[in-house]
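Asks: I would like to see how this sequence folds:
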Amino acid sequence: MAKLELIATAAFGLESLVSRELLNLGYQEQKIENSKVFFSADEAAICRTNMWLRIADRVLVKMGQFEARTFEELFEQTKALPWADWLPENAQFPVTGKSIKSTLFSVPDCQAIVKKAIVEKMKKRYKVEWFEETGPRYTIEVAILKDMVTLTIDTSGAGLHKRGYRKLVGRAPLKETLASAMIALTRWQPERTLIDPFCGSGTIPIETALLGLNIAPGSKRSFAAESWPNIPEQLWKAARDEAGDLVRKDVKLQISGFDIDEEAVSIARHHAKEAGVDKQIHFQQRAFSELQSPKKYGYIICNPPYGERIEDLPVVERLYREMGRVMKELSTWSIYVLTNHPRFEILFDKRADKKRKLYNGRIECHYYQFYGPKPPRKDNQAEIIAEKVD
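Replies: Here you go, the predicted model:
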């Protein structure tokens, strides 16, 4: 198989977690940049990474990278790339773009020039003057940062956060990829109890269950590259067979999701069923003030209301104070909270052992991490304290 340079994109701040996922899949040759992890692999990696990456946004084929300060340079260097090795004669190839701090700042012009250059290159290969673009889709991106151009083809199609189980929309849904990142940062293990007391439409409990059962997050959806003739169908079959073989059917998880909103709980149950993990999660309508557990050790991972509107802030701040009081009764648990409130630790009445900047969409947040004590070895050998992710 040919050696390719691929890119796994990610929300800013999650690159190291995606790098670790790639290492776990066996892809060692890597380079990390802002919001990207470059890695070398073969065609099979396109299938496997789309199937297995929980935290990445997309998997891209890197076609080329070069410096360009004029439209002529952009045209000629784009045209020099082997586009016809990837794009069949009937390919749909829309061009998207972005430009940051670059001489070529007009994104529409850059898109048009890249499109024209690709057409000219393909004319030579296919000996035609017009491309109908009725076949498989190859979305091309021209990304320019400080005059450095990167040209890629998107293999994923819909973003990888779209697992295929979330059919209904709840209030302020948390992206599945961010929920998976929050779980990864805790080093939760399947033997440990986990509660999300603000579960909403169920994303954190469901992503935890998928991880605990080793269910590939992409196993219930399709990808753009599945229709590409240059990616053999047997590679996709092998990736799906691998995903099926590696599901842990012998595991019994202890995951609960609570929410005060009855409709949200109903949606969460529906999503869990769609994801195939409904037997592993207990969802219940419950106010946060009623949070308790007979378990001495466990994890709480949550994304409570932020109070984005000024009029909501007093309510949210009362909630954060209540969280501090209630969670003092769970002093041996490890607690993880994502919020954008700058005074969360003061309201919660406890300083976090660690906090990490994360982005929930465009909202800059902090992930507050309060480590509980390590349980006795006879009770659980899983490590509670999160290791530093380089």
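Asks: Strand partners (parallel or antiparallel) of the longest strand along the chain?
Replies: Ordering each strand of the chain by length in residues (DSSP state E) puts strand 58-67 first. If you go by DSSP bridges, strand 58-67 pairs up with strand 4-9 (antiparallel), strand 148-154 (antiparallel).
Asks: closest one to residue 292 among the ones you listed?
Replies: When the strands paired with strand 58-67 are compared for distance to residue 292 using Cβ to Cβ, the nearest one is strand 4-9, at 40.2 Å. C-betas here are computed from N, CA, C, even on glycine.
Asks: what angle do the very next helix or strand once past the longest strand of the chain and strand 58-67 make?
Replies: As assigned by DSSP states H and E, the chain's next helix or strand after strand 58-67 is helix 71-79. If you take axes from the mean of the first three to the mean of the last three Cα atoms, to 10 degrees, helix 71-79 sits at 130 degrees to strand 58-67.
Asks: Quick check: mean pLDDT of helix 71-79?
Replies: For helix 71-79, mean pLDDT rounds to 98.
Asks: and what of stretch 324-344?
Replies: pLDDT averaged over stretch 324-344 gives 96.
Asks: Equivalent analysis for stretch 210-227, please.
Replies: Mean pLDDT, computed over stretch 210-227, is 97.
Asks: before we move on, the earlier item: would CSV of the strands paired with strand 58-67 with mean neighbour count and mean pLDDT be doable?
Replies: Shown next, in CSV, are the strands paired with strand 58-67 (neighbours: other Cβ atoms under 10 Å; pLDDT from 0 to 100):
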stretch, mean neighbour count, mean pLDDT
strand 4-9, 21, 97
strand 148-154, 21, 98
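Asks: Which positions in the longest strand of the chain come out as buried?
Replies: 58-63, 66 (16 or more other Cβ atoms under 10 Å).
Asks: which secondary structure elements does the host helix or strand of residue 143 contact?
Replies: Here residue 143, judged by DSSP H and E, is contained in strand 139-145. If you count contacts as 3 or more Cβ pairs under 8 Å, 6 or more residues apart in numbering; DSSP states H and E, strand 139-145 packs onto strand 95-100, helix 107-126, strand 148-154.
Asks: Please enumerate residues in contact with the first one?
Replies: Residues external to strand 95-100 that are found in contact with it (Cβ atoms under 8 Å, 6 or more residues apart in numbering): 105-108, 110-112, 114-115, 118, 139-146.
Asks: could you check the angle strand 139-145 makes with that strand?
Replies: 10 degrees.
Asks: in strand 95-100, what's buried?
Replies: The neighbour-count check on strand 95-100 (16+ other Cβ under 10 Å) flags 95, 97, 99 as buried.
Asks: Mind checking which of the contacts of strand 95-100 are buried?
Replies: By 16+ other Cβ under 10 Å, the contacts of strand 95-100 give 107, 110-111, 114-115, 118, 139-144 as buried.
Asks: wait, doesn't residue 353 sit right on residue 371?
Replies: Yes: Residue 353 is in contact with residue 371 according to Cβ atoms under 8 Å; the separation is 4.7 Å.
Asks: on that earlier part again, tell me how far the strand holding residue 143 lies from the chain's centre.
Replies: Relative to the chain's own centre, strand 139-145 is displaced by 20 Å; criterion: Cα atoms, centre = their mean, to the nearest Å.
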